[in-house]
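**Q** I'll drop the sequence and a predicted model, then ask my questions.
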Amino acid sequence: MVQPGKVIIFSAPSGSGKTTLVRHLLTCKLGLEFSISATSRAPRGGEVDGKDYYFLNDEDFRQSVLNGEFIEWEEVYSGSMYGTLRSEVERIWSHGKTVIFDMDVVGGLNLKSLYKDNALAIFVMPPSMEELERRLRGRQTDDEDKIRQRLAKARKEIGRSDRFDHILLNNDLETAKKEAEKLVQSFLEK
Ligand code: 5GP
């Protein structure tokens, strides 16, 4: 049995910049390691299996659910499942490191209830819905239907932001990076 450690949860609507902030924190000397999720969605251009995600087909994903391999999983978008593997968290703790998650809002709140005071849950707030829409369109990775789905989901997610330990406004990226570093550092010192 691995000694449980701390976890950092970053949740936000898609397009809020949470992945950029998580990547930044991983370059700081904070002793963090990224929890690679499993997903049943297809890889996007440039994504690498075992680095960005563990890409599973629907059947293998469902089998992992039945085997109890996930500490949380969800159908985040219609037809696309995402989940956190217990083995991933234990692997990171066994290195004596803190786990950092990039997670949707429902998953983030589920993990906060699981890890309680051992978890720091941060909600990354986009400056406005208009800006979020601009960012999602700018990525040019999703079609119109997917963008609409993501915007509708974002509205719901923002409504749940007050359940997080902190709301981090991502208006100016450099400011948000510094703020994220401070929040994580002070949580790890506790
Ligand atoms: P994307 O398809 O853009 O990579 O991710 C879609 C959403 O799924 C993002 O909000 C991402 O943070 C979330 N996500 C990624 N991994 C997991 C996971 O393991 N569990 C849950 N619940 N959501 C995840």
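**A** Cool, got the structure. Numbers count the residues shown, from 1 in each chain.
**Q** what packs against the helix or strand bottoming out on mean pLDDT in the chain?
**A** When each helix and strand of the chain is scored by mean pLDDT, DSSP states H and E, helix 129-139 comes last, with a mean of 88. If you count contacts as 3 or more CB pairs under 8 Å, 6 or more residues apart in numbering; DSSP states H and E, helix 129-139 packs onto helix 144-158. Every residue, glycine included, has its C-beta placed from N, CA and C.
**Q** Check the burial of the closest residue to the ligand within the chain by counting its neighbours.
**A** Relative to the ligand, the nearest point of the chain is Gly107 (2.4 Å; CB to the nearest ligand atom). For Gly107, the tally of surrounding residues (other CB atoms under 10 Å) stands at 22.
**Q** which stretch of helix or strand covers it?
**A** For Gly107, the host element (DSSP states H and E) is helix 105-115.
**Q** From the opening residue of stretch 153-170 to its closing one, how far?
**A** One end of stretch 153-170 sits 18 Å from the other (CA to CA, to the nearest Å).
**Q** Pull out the buried residues from it.
**A** By neighbour count with 16 or more other CB atoms under 10 Å, stretch 153-170 contains the buried residues Lys153, Ala154, Glu157, Ile158, Ser161, Phe164, Leu168, Asn170.
**Q** any idea which helix or strand carries the residue nearest the centre of the chain?
**A** Geometric centre of the chain, nearest residue: Asp102, 1.6 Å, by CA atoms, centre = their mean. Using DSSP H and E, Asp102 maps to strand 98-103.
**Q** Check whether that strand comes near the ligand.
**A** Yes - Strand 98-103 is in contact with the ligand by CB under 6 Å from any ligand atom, via Asp102, Met103.
**Q** contacting residues around that strand?
**A** Outside strand 98-103, the residues within contact range by CB atoms under 8 Å, 6 or more residues apart in numbering are 5-11, 18-19, 22, 25-26, 30-35, 37, 84, 88-89, 92-93, 107-108, 111, 188.
**Q** what does this structure put close to the ligand?
**A** Checking the chain against the ligand by CB under 6 Å from any ligand atom, the hits are 14, 37, 41, 72, 74, 76, 82-84, 102-104, 107.
**Q** Now the buried members of those residues.
**A** Buried members of the residues of the chain next to the ligand, counted by 16+ other CB under 10 Å: 14, 37, 41, 72, 74, 76, 82-84, 102-104, 107.
**Q** Much appreciated, bye for now.
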